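> With the input below, show me the fold.
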Amino acid sequence: MVSPILIKLLLLHSLALLATAQSFDFFYLVQQWPGSYCDTTQGCCYPTTGTPASDFGIHGLWPNNNDGSYPSNCNPNDPFDPTQISNLLTQMQTEWPSLSCPSSDDTSFWEHEWDKHGTCSGLTEEAYFSAALTLKTQSNLLQTLTQAGITPNGGSYSLSSVQSAITSGVGHAPYIQCNSDQYGNKQLFEIYLCVDTSASNFIDCPIFPTGGACPSSIAFPSF
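The predicted model follows:
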């Protein structure tokens, strides 16, 4: 039989999550291409756990509002606790690696994402990271692009073809963000997809970001 005290503690924790999570309208699931992250004047550093896979990696799952604003750092009393995602660790290291310098074991990256965005999600820490991992698997961006003949081989592709391939594969239009390589060429960097507030289903984006606009033709560098 479950202890009444334990039930009360779980109820209080759930109420605390609801009280600290600010209201929002949708999530951005943001995934980044490691080849574009690294192919800049700033460069990158591989995590201490090893070279990341040649695949899109998660940047974050960000609560957002229809007017472009977003909540952040909603609950300083719920700090990141790596033991809460110990069952996800292997998948996290593969799907959510840090490429920032200096090299790290990824934990500081995950801590930042939880503290800034996860505490506003209305989800527990484990549920938040698990939802992002599930959504990444569902979107399957690299396979979707590859099946459309768009491969990370250093070639250039029309922005419209990239958008169309992802829209066809996921069922909803993405926002494509570009950055510049060391020679100033624009390249496919991040892909934004919108998700409902339950962090379960992709939806049409109510609003797109405004930064990192891409030209009509963009590079897709190797990694």
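> On the three-state scheme, the nearest residue to Asn179 once chain neighbours are set aside is what?
Distances taken as CB to CB, 6 or more residues apart in numbering place Phe189 nearest to Asn179, at 4.2 Å, with adjacent residues excluded. Heads up, the C-betas are built off the backbone N, CA and C, glycines and all. Three-state call for Phe189 (DSSP: H, G, I helix; E, B strand; the rest coil): strand.
> measure Phe189 to Phe24 for me?
Going from Phe189 to Phe24 by CB to CB, to the nearest Å gives 24 Å.
> So if I had to pick from these two, which one is more boxed in?
Shown here are Phe189 and Phe24; by other CB atoms under 10 Å, Phe189 has more neighbours (22 against 19).
> Please tell me I have it right and the residue nearest to Asn179 contacts Gln31.
No - Phe189 lies out of contact with Gln31 (CB atoms under 8 Å); the separation is 10.0 Å.
> If Ile218 is in a bridge, with which residues?
Beta-bridge pairing of Ile218 under DSSP bridges involves Tyr157.
> so it makes contact with Gly154?
No - using CB under 8 Å, Ile218 makes no contact with Gly154, being 11.8 Å away.
> any weak-confidence spans in this structure?
1-22 (pLDDT under 70).
> for the host helix or strand of Trp110, packing partners?
Element membership of Trp110, judged by DSSP states H and E, is helix 107-116. For helix 107-116, the packing partners by 3 or more CB pairs under 8 Å, 6 or more residues apart in numbering; DSSP states H and E come out as helix 125-139.
> contacts for the helix it packs on?
29, 31, 56, 58, 60-61, 78, 80-81, 84-85, 87-88, 91-92, 95-96, 110, 114, 118, 121, 123, 169-170, 193, 195, 199-200, 202 (CB atoms under 8 Å, 6 or more residues apart in numbering).
> May I see the buried residues of that helix?
Applying a neighbour-count criterion of 16 or more other CB atoms under 10 Å, one finds Glu125, Tyr128, Phe129, Ser130, Ala131, Ala132, Leu133, Leu135, Lys136, Ser139 buried in helix 125-139.
> For the chain, which segments count as helices?
4-20, 34-38, 89-95, 107-116, 125-139, 141-147, 159-170 (DSSP state H).
> Quick check: the residue nearest to Thr94 when sequence neighbours are not counted vs Tyr46, distance?
In space, and not counting its chain neighbours, Thr94 is closest to Ala53: 5.9 Å by CB to CB, 6+ apart. According to CB to CB, Ala53 and Tyr46 sit 11 Å apart.
> try Asn65
Distance from Asn65 to Tyr46, by CB to CB: 35 Å.
> residues contacting Asn179?
Contacts of Asn179 by CB under 8 Å, 6+ apart are Ser36, Tyr37, Thr40, Lys186, Gln187, Phe189, Gly212.
> So for the chain, which residue is the most central one in space?
In the chain, the C-alpha nearest the mean C-alpha coordinate belongs to Gly60, at 2.9 Å (CA atoms, centre = their mean).
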